[in-house]
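Peer 1: dropping the sequence and predicted coords here.
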Amino acid sequence: MRCFLKKYIIRSVTNLFEKRAIKATFKDGYHRLFPYVWLRDCSLDDKTYVISNAMKGRLHSMRDFDVNVKPINFRLDSKGKSLLVEWPGNVNSRYEPKWLRTHCPGSKAVREKRRQIYLGYECIRLWEDRSTIESRLKRFSHQLFLEDDKVLHDFLKAVCVDGIAVLKGTEYSPDLRNEVLWSIIRRIGMVQPTHFGETFEVCPKPDASNMAYANTQELPYHTDFPSLQDPPQLQMLHMCKKAECGGGKSMFVDGFSIAKKMFREHYDEYKLLCYYPLEFIEEGFDVHNIKGFQDKEERVDFAMVARHKTFNWFLDMAENDSSDIQELYDALKLFTKLCYLPENQLIFPLESGDTVLWANTRILHARSAYKLIGTQERERYVLGCYFSWDTIKSRIRLIRRQLKLPEDQEMV
């Protein structure tokens, strides 16, 4: 306890004029430089920020901000618990030691901690093997998810970390299907619409335009909408009615984990799949931008793992040898083979009333084959929708703030 307190007590402050910074030394020996301009910009006085229960907003703008500002005076308060700084313009600032310690610029430890809090790539836990992910897979009560904000928080956080989580529900009357789905959606937040609309159904249909509706055979591993400029980042499926004759199991594989294994064990094939531009076309053509910032091709590690059933080699043929095509197919075959290794797959049945949410740009999904009953009311029936990470992580941050959870970190 004493070590914890020392960590957040400032022992001394020193003016380093040549570095335009104040050096703070804490009682545990840790020290850090805090630039003048950064301290002034982060001042929580009422001339710099408006802070209320309704909002937090910056009052000063870069147009009027003096980036060469320097303090008139500074000192520790009488108890040595806070740094007090007097600035030009009759601005007086108070910086709590814990806030300084957890926000200091240039600190690797602070940066890593904040990235964990923000639930970025640093928080991702890759699937190591089947037994590990089966033991890690988080399952939550559907009813508690609807009633308890902490359960909602833990469910969404599990999706951020492991890429997937499940709600365990119970079977209910068919006339309540949409009502149940939307009760889940409202707890999470705004859906990401597609040309299917805000929600969609997955069930056998005559004259189907999508393979998921066309037959009951096994669907191969895929991610949804990989050809879009901005594909849906998360997908949710709610099992209204499971297949009565067995089958129809949900199948998942961690694309990021497969990519990492290829990087370590099959680097040449990994490079081919990462760096060769491909345009995916099933029929006709889609007009979409495959370029990134300033018309440069984007290459982002772990941005999205995707595989269409069919594709056309359409781009940059003048720059590539046609013999590369065979190597590319070999690499795609290897990636697919790794996806189907038993140790890399997570396969389980969704019972009627269950829901699964997963990261569409990370986790590839598939479905095992099943048999039709012959009666529409008894057939397998699934409802689904898409979300963005912005929606998920915003909900997590709000719950952390409302429940005052340890992971909450005030920006100001």
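Peer 2: Structure's in. What do you need? Residues are numbered from 1 along each chain as shown.
Peer 1: pull up the distance across stretch 70-86, start to finish.
Peer 2: This stretch, stretch 70-86, spans 9 Å end to end (C-alpha to C-alpha, to the nearest Å).
Peer 1: pLDDT of it, averaged?
Peer 2: Stretch 70-86 comes out with an average pLDDT of 91.
Peer 1: hmm, residue 41 is touching residue 65, no?
Peer 2: Yes. Between residue 41 and residue 65 there is a contact at 7.0 Å, judged by C-beta atoms under 8 Å. All C-beta atoms are positioned from the backbone trio N, CA, C, and that covers glycine.
Peer 1: this structure: helices as residue ranges?
Peer 2: Along the chain, counting by DSSP state H, helices occupy 2-7, 36-41, 97-103, 108-117, 130-136, 142-147, 149-162, 177-188, 211-214, 255-265, 267-275, 324-339, 389-403.
Peer 1: without its sequence neighbours, what residue ends up closest to residue 365?
Peer 2: residue 252 (5.4 Å; C-beta to C-beta, 6 or more residues apart in numbering).
Peer 1: what's across from the one you found in the sheet?
Peer 2: Residue 252 forms beta bridges with residue 346, residue 365, as assigned by DSSP bridges.
Peer 1: now for it, how many residues are close by?
Peer 2: For residue 252, the neighbour count with other C-beta atoms under 10 Å is 23.
Peer 1: and the one 3 residues further on, by the same measure?
Peer 2: Using other C-beta under 10 Å, residue 255 is surrounded by 24 other residues.
Peer 1: quick check: it vs residue 382, distance?
Peer 2: Look at residue 255 and residue 382: by C-beta to C-beta, to the nearest Å, they are 22 Å apart.
Peer 1: what's the spacing between stretch 33-41 and its chain's center?
Peer 2: Distance of stretch 33-41 from the chain centroid (C-alpha atoms, centre = their mean, to the nearest Å) equals 31 Å.
Peer 1: give me the buried stretch members for that stretch, please.
Peer 2: 33, 34, 36, 37, 38, 39, 40 (16 or more other C-beta atoms under 10 Å).
Peer 1: could I get the residues you listed as a markdown table with pLDDT and distance to residue 198?
Peer 2: Output for those, formatted as a markdown table (pLDDT from 0 to 100; distance: C-beta to C-beta, whole Å):
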| residue | pLDDT | distance to residue 198 |
| --- | --- | --- |
| 33 | 96 | 50 |
| 34 | 97 | 47 |
| 36 | 98 | 50 |
| 37 | 97 | 46 |
| 38 | 96 | 43 |
| 39 | 97 | 46 |
| 40 | 97 | 46 |
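Peer 1: for residue 330, state which of the residues you listed is nearest.
Peer 2: Residue 330 has its nearest neighbour among the buried residues of stretch 33-41 in residue 38, at 51.7 Å by C-beta to C-beta.
Peer 1: contacting residues around the closest one?
Peer 2: residue 105 (C-beta atoms under 8 Å, 6 or more residues apart in numbering).
Peer 1: residues contacting residue 190?
Peer 2: Residue 190 neighbours (C-beta under 8 Å, 6+ apart): 387, 388, 391.
Peer 1: give me every residue that touches the second one.
Peer 2: Residue 388 makes contact with 190, 192, 232, 233, 234 under the criterion C-beta under 8 Å, 6+ apart.
Peer 1: list the beta-bridge partners for the last one.
Peer 2: Residue 234 has these beta-bridge partners by DSSP bridges: residue 359, residue 387.
Peer 1: what count of nearby residues applies to it?
Peer 2: Residue 234: 26 neighbours (other C-beta under 10 Å).
Peer 1: same question, the fourth one
Peer 2: Using other C-beta under 10 Å, residue 233 has 18 neighbouring residues.
Peer 1: got the domain boundaries for the protein?
Peer 2: 1-106, 121-276+320-401 (the TED database).
Peer 1: and of the ones you listed, who's closest to residue 112?
Peer 2: Of all those, domain 121-276+320-401 sits nearest to residue 112, with 6.6 Å by C-beta to C-beta.
Peer 1: for that closest one, measure first residue to last.
Peer 2: End to end - C-alpha to C-alpha - domain 121-276+320-401 spans 22 Å.
Peer 1: ok, which of the helices of the chain comes nearest residue 356?
Peer 2: Using C-beta to C-beta, those put helix 149-162 closest to residue 356, at 9.6 Å.
Peer 1: neighbouring contacts of that closest one?
Peer 2: Contacts made with helix 149-162 from outside it, assessed by C-beta under 8 Å, 6+ apart, are listed as 119, 123-125, 127, 133, 136-138, 140-141, 144-145, 164-165, 167, 187-188, 234, 357-359, 392-393, 395-396, 399-400, 402-403, 405.
Peer 1: let's see it at 6 Å
Peer 2: If you take C-beta atoms under 6 Å, 6 or more residues apart in numbering as the criterion, helix 149-162 is touched by 119, 123, 125, 136, 138, 140, 144-145, 165, 187, 357, 392, 396, 399.
Peer 1: any idea which of those is closest to residue 376?
Peer 2: residue 357 (27.3 Å).
Peer 1: surely that closest one is in contact with residue 236?
Peer 2: Yes. The criterion here is C-beta atoms under 6 Å, and residue 357 meets it with residue 236 at 4.5 Å.
Peer 1: could the buried residues of stretch 33-41 go into JSON lines alongside distance to residue 339?
Peer 2: Below are those laid out as JSON lines (distance: C-beta to C-beta, whole Å):
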{"residue": "33", "distance to residue 339": "49"}
{"residue": "34", "distance to residue 339": "49"}
{"residue": "36", "distance to residue 339": "54"}
{"residue": "37", "distance to residue 339": "50"}
{"residue": "38", "distance to residue 339": "47"}
{"residue": "39", "distance to residue 339": "51"}
{"residue": "40", "distance to residue 339": "53"}
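Peer 1: alright, that wraps it up for me.
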